[in-house]
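**Q** Quick check, what structure comes out for this input:
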Amino acid sequence: MVEKYLTLPALPDDEHNEEKTWQFDHLVTEQAIGSIRPDLVATIDDEIMFIEVAVTSFIDADKSAFIKQLGIKTIEIDLREIIKQDMELPSTEAKDYILDCVSNKQWVFPEASTLTAPTLSVEPTYNCQTITEEDDNESFDKGYSTYRFTIKHSWVDVRVFNSGMVSVKCVTYNHDVIEILKQWRNEGGGKYNQKYKSWNYFKPFSDTVFARLQEMDMTPKQ
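**A** This next block holds a predicted model:
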């Protein structure tokens, strides 16, 4: 049975900023649309959507420009992690990663408005080593501490902001860890941030999240 759904990140500039499961009416493979041939053309409520699957090559500038000219919603799915993690194909793990994971998907069109905040710079992290830095672009906070834990044999990066928010990001995809983070979101509130591909939890539940991560950490003690 061919699945006709995808769990996708929130549309850019969606005020709710929540992931959503899209149930498609039809899926057609490699149908020519003008000068391009999307991997999948999906229809939902008589609206067309392009689905591009990327493993070694991604949408180039010309194709992106044509898609934007058409004004058709387009999502790109990055499947490089399936190769890196040597996932068995077919398997439940690979199926969940393709259909239900949102951190490996990004909207090509529509685009986020030009008013979105600049991306935070990426800095190296080390297990249980704190880094505090100023960031004038974050109006709600001016510093955070960074930790790296090993949860279920995968690296998980954690930022504990001075505001009390805890941001959790899987360095590599791990289905079990993602399910735990979703469960915590449902339990104590929080949301997935597509821009930074992180799960954010807020006071007072953020303290519980951080304590649980410390308890689950499998990093060898020095």
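
**Q** And for residue 205, the neighbour number?
**A** Counted with other C-beta atoms under 10 Å, residues neighbouring residue 205 total 17. C-beta: built from backbone N, CA, C; applies to glycine.

**Q** Look up how far residue 184 lies from it.
**A** 8 Å (C-beta to C-beta, to the nearest Å).

**Q** Let me see the ranges of the helices in the chain.
**A** 61-70, 80-84, 92-99, 175-188, 205-216 (DSSP state H).

**Q** List the buried residues in the first one.
**A** Of the residues in helix 61-70, 63, 64, 67 count as buried by neighbour count, 16 or more other C-beta atoms under 10 Å.

**Q** could I get that helix in PDB with only the CA atoms?
**A** C-alpha atoms of helix 61-70 as PDB (Å, rounded to 0.1, in the frame of the first residue of the first chain):
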ATOM      1  CA  ALA A  61      18.600  28.000  -8.400                       C
ATOM      2  CA  ASP A  62      16.900  27.700 -11.900                       C
ATOM      3  CA  LYS A  63      14.400  25.100 -10.800                       C
ATOM      4  CA  SER A  64      13.700  27.000  -7.600                       C
ATOM      5  CA  ALA A  65      13.100  30.200  -9.500                       C
ATOM      6  CA  PHE A  66      10.700  28.400 -11.900                       C
ATOM      7  CA  ILE A  67       8.800  26.900  -8.900                       C
ATOM      8  CA  LYS A  68       8.400  30.300  -7.400                       C
ATOM      9  CA  GLN A  69       7.200  31.700 -10.700                       C
ATOM     10  CA  LEU A  70       4.500  29.000 -10.800                       C
END
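
**Q** related to what we said a few turns ago, would you mind telling me which of the helices of the chain is nearest residue 17?
**A** helix 175-188 (12.7 Å; C-beta to C-beta).

**Q** May I see the buried residues of the closest one?
**A** 175, 177, 178, 180, 181, 184, 185.

**Q** elements contacting it?
**A** When contacts are defined as 3 or more C-beta pairs under 8 Å, 6 or more residues apart in numbering; DSSP states H and E, helix 175-188 packs onto helix 92-99, strand 166-170, strand 198-201, helix 205-216.

**Q** Could you export those as CSV, including mean pLDDT?
**A** Putting the helices and strands packed on helix 175-188 into CSV (pLDDT from 0 to 100) gives the following:
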stretch, mean pLDDT
helix 92-99, 88
strand 166-170, 92
strand 198-201, 90
helix 205-216, 94
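
**Q** Redo these as TSV? Include distance to residue 11.
**A** Shown next, in TSV, are the helices and strands packed on helix 175-188 (distance: least, C-beta to C-beta, whole Å):
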stretch	distance to residue 11
helix 92-99	18
strand 166-170	21
strand 198-201	18
helix 205-216	27
